[in-house]
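J.: Provide a 3D model corresponding to the input given below.
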Amino acid sequence: MRHRSRLNRQVWLRSATLPLAFVFTTAAAVSADLPPAPVALPQPPSVWQFQATGYGWATALNGRVGVRNLPPVKVDMSFGDVLKGLNGALMGSFLAKKDNWLILTDLVWAALSDDAVVRPPGIRHPTLAAIAPGTKVDFKMRQLIASALVGYRLPIGGPDLDIYAAAGLRYQRLTAEIEASPGLIPVTLSRRSIEQWVDPTVGFSAIWRINERWFANILADVGGFGVGSRFTTQGFASVGYRWTDSISTALGYRTVYTDYRNNGFTYRTTQHGVFSSIAYHF
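T.: Reported below is the predicted structural model:
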């Protein structure tokens, strides 16, 4: 009887544990078939982050400038020409980020001058050049470009890549003066004009943290749309290195194209060149 009782308890325990084993085995199988839980992208820190940047833009200037109904003058200045004719410059930007928002302001001020001799087509022979020496043209310009944009982080990219859709304004103010002195006529024609306008812009900005030290920045926009200029666009790309938590440097290339015409004033130029900067993060 005692043996039969022990046998009955073993049968009862096996019958009680079999359903539990079945349940656990089935649950494990089902969980193995389920897709892995999505990995949430790290959220940007919910505190303000700031960056103040001073930079130099080794810009060349190409295009046409016309003042007060004078025929537009072709301007073709390399960086070397700009450097020789540069009378002063100030450039800098300020960046603020929090959560998914980005605010960027930028300022470029420069004063420069150039001169050239314009001869009629075909005047190349030294004798003809002496008879028709051409017209000496002096060009002076002071330029201010101030821009501001607001960006919102898009749900694309990755943990090390932030992409922002951006919209903003670009203000430009130009003081241009052209003096033309014909070689055979002792008369100087001088025209001076001050123009200023604001262009709405749309575009994107991207920040790629390559690793703990290296990073890359990209910015592109288009604007104008007849509100200020007929058309304007900007492109910028740089690669930088973060020396400390507070200091970084970067090297890149920047281009700004503007097509603005108003009451005899023409400014159709491309400014482009190498860009280098030093930034303070706080």
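J.: quick one, what contacts the residue minimising distance to the centre of the chain?
T.: Nearest to the mean C-alpha position of the chain, counting by CA atoms, centre = their mean, stands Leu219 at 3.0 Å. Each residue near Leu219 by CB atoms under 8 Å, 6 or more residues apart in numbering is listed here: Ala166, Gly203, Phe204, Ser205, Ala206, Gln234, Gly235, Phe236, Ala237. For every residue, glycine as well, the C-beta is placed using N, CA and C.
J.: beta partners for Ile218?
T.: Ala206, Ala237 (DSSP bridges).
J.: list the contacts for it?
T.: Phe204, Ser205, Ala206, Trp208, Phe236, Ala237.
J.: Repeat the analysis, applying 10 Å as the threshold.
T.: Ile163, Phe204, Ser205, Ala206, Ile207, Trp208, Gly235, Phe236, Ala237, Ser238, Gly252 (CB atoms under 10 Å, 6 or more residues apart in numbering).
J.: unless I'm mixing things up, the last one is touching Ser276, no?
T.: Okay, so that is Gly252. Yes: using CB atoms under 10 Å as the test, Gly252 is close enough to Ser276 to be in contact (7.8 Å).
J.: which residues are common contacts for those two?
T.: Common neighbours of Gly252 and Ser276 (CB under 10 Å, 6+ apart) are Tyr55, Trp57, Ser238, Gly240.
J.: Phi and psi next, for the second one.
T.: Which is Trp57. phi -120, psi 110 (degrees, to the nearest 10).
J.: Switch the shared contacts of Gly252 and Ser276 over to CSV; also include neighbour count.
T.: Output for these, formatted as CSV (neighbours: other CB atoms under 10 Å):
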residue, neighbour count
Tyr55, 19
Trp57, 22
Ser238, 20
Gly240, 20
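J.: ok, the residues you listed vs Leu112, which is closest?
T.: Trp57 (12.3 Å; CB to CB).
J.: Kindly state the beta-bridge partners for that closest one.
T.: Bridge pairing for Trp57 - DSSP bridges - gives Phe275.
J.: residue contacts, it?
T.: Neighbours of Trp57 in contact, by CB under 10 Å, 6+ apart: 79, 82, 89, 91, 108, 110, 236, 252-254, 256, 271-277.
J.: Next, work out how far apart it and Pro200 are.
T.: In this view, Trp57 and Pro200 are 23 Å apart by CB to CB, to the nearest Å.
J.: can you map out the helices along the stretch 51-200 of the chain?
T.: Here the stretch 51-200 of the chain has its helices, by DSSP state H, counting those that start in this stretch, at 79-85, 126-131.
J.: What about Leu112, how many residues nearby?
T.: By the measure other CB atoms under 10 Å, the count of residues near Leu112 is 21.
J.: remind me which residues of the protein are low pLDDT?
T.: 1-45, 69-70, 116-134, 182-189 (pLDDT under 70).
J.: can you give me the strands in this structure?
T.: Applying DSSP state E to the chain gives strands spanning 49-66, 73-77, 86-98, 101-118, 135-153, 161-182, 189-209, 214-224, 231-242, 247-262, 265-281.
J.: quick revisit: of the contacts of Ile218, keep whichever come out buried.
T.: Among these, the ones that count as buried by 16 or more other CB atoms under 10 Å are Ile163, Ser205, Ala206, Ile207, Trp208, Gly235, Phe236, Ser238, Gly252.
J.: Tell me if I'm right that the second one and Leu104 touch.
T.: Yes: under the criterion of CB under 10 Å, Ser205 lies in contact with Leu104, with a separation of 7.2 Å.
J.: so what's in contact with these two at the same time?
T.: Leu95, Leu149, Gly151, Tyr164, Ala166, Leu219.
J.: Just the closest of those residues to Arg64, please.
T.: For the shared contacts of Ser205 and Leu104, the nearest to Arg64 is Leu219 (26.2 Å; CB to CB).
J.: how much space is there between the closest one and Ser181?
T.: From Leu219 to Ser181 the distance is 42 Å (CB to CB).
J.: And for Thr175?
T.: Taking CB to CB, one finds Thr175 at 21 Å from Ser181.
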